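test case, fold it:
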Amino acid sequence: MTHPTVSPLPALEVLQGAIDRVVATQHDAIHAAATLCATALAGDGILQAFGTGHSKAFAMELTGRAGGLIPTNQISLKDLVMFGGVAPGEILDPTVERDPTLAARVLALHEIHPEDVFLIASNSGINGSVVEMALLARARGNPVVAVTSLQHSRSTPSRHPSGQRLCDVADVVIDNCGVPGDAGLPLAGGGAIVSTSTVTSALVAQLVTAEVCAQLLARGVPPPVFRSANLPGGDEHNAALLARYAGRIRVQEP
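Okay, here's the model as predicted:
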């Protein structure tokens, strides 16, 4: 018995197409986001990265990795369990990201300074916790950079009580150039595969990081960048820089 197969070529075309759209259309937004971040870091601020669902991958791409900026703190709904004493069952429901009240509870577990910049990723941009996190940051006076699919967000009602989407409340919006539903390769008989948001969000994270470092160097500020902990001297280099931000950057699990 033979089974239908899906050729990898169309999948590569979907992914490459999304990458090409980001590169072709998001230069100005990435530059604006990097300027906010470079100004924050030069002024002793840090980057606060947040995402839910698979958009956590964007926050992870920015934090705690070789070649990344050390003054970056990952904010996550799981912080309620890790640092807030909440039972795991309270956040294991995959729809919990829709609850706007969680944002304030999570934010209370972190030390936020006026100079900090929030980078918030959400492919749909409609769920309560991400919209509320952006609103809380803006209310504090912290700039917000959003990474989202504008096509998805603008075609779907918000789940936040205000009716606003992430793209409506951010200072800078970077479009991940994905399609509604994220998966870009339709299957015969229904459904789709090849989700692009993780790939393009990782691209955006790296492009923003590179631009931030370029801007810091232009200002005469040495970029505070992680070295690999798996190379000699990496632990010592990283520990010396992390000490400057003690208490402001949550250590993540391995």
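
which stretches of the stretch 51-200 of the chain form helices?
According to DSSP state H, counting those that start in this stretch, the stretch 51-200 of the chain carries its helices in the segments 56-62, 79-82, 101-107, 128-140, 150-154, 166-169, 197-218.

residue 31: which of those helices is closest?
Closest to residue 31 of the helices of the stretch 51-200 of the chain is helix 197-218 (C-beta to C-beta; 6.2 Å). Quick note: C-beta positions are derived from backbone N, CA and C, even for glycine.

that closest one - contacts with which helices or strands?
Here helix 197-218 touches helix 8-25, helix 27-42, helix 56-62, strand 144-148, going by 3 or more C-beta pairs under 8 Å, 6 or more residues apart in numbering; DSSP states H and E.

quick one: the helices of the stretch 51-200 of the chain as a markdown table, columns for mean pLDDT too.
A markdown table is the format used below for the helices of the stretch 51-200 of the chain (pLDDT from 0 to 100):
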| stretch | mean pLDDT |
| --- | --- |
| helix 56-62 | 97 |
| helix 79-82 | 96 |
| helix 101-107 | 98 |
| helix 128-140 | 98 |
| helix 150-154 | 97 |
| helix 166-169 | 98 |
| helix 197-218 | 98 |
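
quick one: closest of the helices and strands packed on helix 197-218 to residue 252.
helix 56-62 (7.9 Å).

residues contacting the closest one, please?
Outside helix 56-62, the residues within contact range by C-beta atoms under 8 Å, 6 or more residues apart in numbering are 47, 49-51, 68-69, 72, 74-76, 119, 121, 147, 198, 201-202, 204-206, 208-209, 252.

list only buried entries from the residues you listed.
Using 16 or more other C-beta atoms under 10 Å as the burial test, the contacts of helix 56-62 include 47, 49-51, 68-69, 72, 74-76, 119, 121, 147, 198, 201, 204-205, 208-209 as buried.

quick check: phi and psi at residue 163.
phi 80, psi 0 (degrees, to the nearest 10).

circling back to that earlier point, any chance of the helices and strands packed on helix 197-218 in TSV, plus distance to residue 98?
Listed next are these as TSV, based on distance: least, C-beta to C-beta, whole Å:
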stretch	distance to residue 98
helix 8-25	26
helix 27-42	26
helix 56-62	15
strand 144-148	16
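
hmm, back to that, any chance of the helices of the stretch 51-200 of the chain in a markdown table, with distance to residue 240 too?
A markdown table is the format used below for the helices of the stretch 51-200 of the chain (distance: least, C-beta to C-beta, whole Å):
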| stretch | distance to residue 240 |
| --- | --- |
| helix 56-62 | 21 |
| helix 79-82 | 25 |
| helix 101-107 | 29 |
| helix 128-140 | 29 |
| helix 150-154 | 41 |
| helix 166-169 | 36 |
| helix 197-218 | 18 |
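
closest one to residue 8 among those?
Closest approach to residue 8 among the helices of the stretch 51-200 of the chain (C-beta to C-beta): helix 197-218, 14.5 Å.

after the closest one, next one along is what?
Following helix 197-218 in sequence order, the next helix or strand is helix 234-242 (DSSP states H and E).

list the contacts of that following helix.
Outside helix 234-242, the residues within contact range by C-beta under 8 Å, 6+ apart are 66, 70, 224, 226-229, 249.

please redo it, this time with the cut-off set to 6 Å
Contact with helix 234-242 is made by 70, 224, 226-229, as judged by C-beta atoms under 6 Å, 6 or more residues apart in numbering.

list the contacts of residue 171.
Counting by C-beta under 6 Å, 6+ apart, residue 171 touches 143-144.
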